[in-house]
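1. got a predicted model here, sequence first, then my questions.
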Amino acid sequence: MKILIIHNILWAHYKSALFEQIEKAAGKEDEVLVLQIAKNELSRKNMETTEFPYSYNFKVLFDDYIDNLSTFKKFKALASFILKFKPDLVNATGYAADISITFIILFCRLLGIKVVISNESTALESNNNFIKETIKKILVKSSSGFICFGKLAKDYMIQLGAKPYQIIEDKAAVVDDIRILESFEEAKRNNFAVSDIKTSKNFIYVGRIIEEKNLGSLFNSFDSFKRNNIQFDDWGLIILGDGELKVGFQKYVADKHISDVYFLPSVSWEEVPKYFTLADVFVLPSKSETWGLVVNEAMICGLPIIISDKCGCSSDLLKNNGLIFQSGDENTLEAHLEKMARDADFREKCGLNSLEVISEFKVENVGARVLNGFMNL
């Protein structure tokens, strides 16, 4: 059986981890090839390293950034490759985000090739645009199977017309749990430390510092938490990342005299687990978040979580391992910060539950299930 997986860029480590495991699960008589359209996108340029750490069969169509490629150029190259490769099944990722992939799904349908759509989006992100939703329904009807990030993504596919039995995987929101855990354990053994961080216990946020992440609410809630609970002077807040609002928030924190907030520069994904060794609770206060893969990463490292109701992962990953609040509700967020700081037994229980819940998303197991789904189709 010849399986062709079409993906947009090579430098997407969590996808590469899954592709690697899918190929490992394949039999000797099967061929799995990942066709990467471009090497990277401009916004992810800093994620490139000197060596590509994954071993799987792939081909890159364009040694360029995907932002620089026209829809026609991408579609022509993809269609030409499919005609030469003659796959039995095509797994299309980004089915609605990239118009060239949209056309390729219909192209495969005309050729009689089975298509599996990988879907991350949910109804929460739908803009209710009649034309776009109609196109999505046509693509769903044209496909034989679906790989979904989680429950909300699965529900959205069914809403668009997919049959429940066509969902071959509904826990595809994976990260490289193997390498993440290795990095975390190594940092613990080496007593990783950052000299600027003086507090013995810390909340941590990891990600871009942009409007959608709603960090203003986190700073306000943390400020109130510190002022109303002077007994928690050993608790700090680590902000690991960069973004357009970073300088403004640094000034905001300084002007309001919010104590024990540490702004650290962004690091590569392999380095992030080191900083989890300095943290006791992970916080993601987003007002818009398709999933929030960094929550997976924090849970792999055994952290309890506090997340907003706008995080797409909440339906799948929040199971007695943390607390949830309505996005923008600073009073509840403050209360959650206090609960975590005050109750060490609760924190420990949540951390242990994080390890149990995230085990369902182990990339090795998901890769095997996806490959099995391909074979069944």
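-> That came through fine. Residues are numbered from 1 along each chain as shown.
2. skipping adjacent residues, who's closest to residue 173 in space?
-> residue 149 (4.1 Å; CB to CB, 6 or more residues apart in numbering). Heads up, the C-betas are built off the backbone N, CA and C, glycines and all.
3. distance of that neighbour relative to residue 13?
-> Taking CB to CB, to the nearest Å as the measure, residue 149 and residue 13 are separated by 16 Å.
4. the two: who's more crowded?
-> When residue 149 and residue 13 are compared for neighbours, residue 149 comes out ahead with 26 against 20, by other CB atoms under 10 Å.
5. what's that one sitting at in phi/psi?
-> According to degrees, to the nearest 10, the main-chain angles of residue 149 amount to phi -60, psi -40.
6. I figured it was touching residue 120, is that so?
-> Yes - the pair residue 149 and residue 120 passes the contact test of CB atoms under 8 Å, sitting 4.6 Å apart.
7. mutual contacts of the two, please.
-> Residues within reach of residue 149 and of residue 120 at once, by CB atoms under 8 Å, 6 or more residues apart in numbering, are 173, 290-291.
8. all strands for this protein, in order.
-> Under the criterion DSSP state E, strands of the chain are mapped to 2-9, 31-40, 58-65, 89-93, 114-119, 145-148, 167-169, 201-206, 235-240, 261-264, 281-284, 305-308, 322-325.
9. in TSV: those, plus mean neighbour count, mean pLDDT and distance to residue 214.
-> Output for the strands of the chain, formatted as TSV (neighbours: other CB atoms under 10 Å; pLDDT from 0 to 100; distance: least, CB to CB, whole Å):
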stretch	mean neighbour count	mean pLDDT	distance to residue 214
strand 2-9	22	96	27
strand 31-40	21	95	28
strand 58-65	15	95	29
strand 89-93	24	96	28
strand 114-119	24	97	25
strand 145-148	26	98	26
strand 167-169	21	97	30
strand 201-206	22	98	10
strand 235-240	24	98	13
strand 261-264	18	98	16
strand 281-284	26	98	9
strand 305-308	26	98	7
strand 322-325	21	98	11
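10. turn those into CSV, including distance to residue 107.
-> What follows is those, written out as CSV (distance: least, CB to CB, whole Å):
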stretch, distance to residue 107
strand 2-9, 11
strand 31-40, 14
strand 58-65, 15
strand 89-93, 9
strand 114-119, 10
strand 145-148, 18
strand 167-169, 22
strand 201-206, 39
strand 235-240, 42
strand 261-264, 46
strand 281-284, 38
strand 305-308, 39
strand 322-325, 42
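11. and the ones you listed: which comes nearest residue 361?
-> Shortest separation from residue 361 across those is recorded for strand 167-169, at 10.6 Å, computed as CB to CB.
12. can you tell me the closest non-neighbouring residue to residue 375?
-> With sequence-adjacent residues excluded and distances taken as CB to CB, 6+ apart, residue 375 is closest to residue 1, at 6.9 Å.
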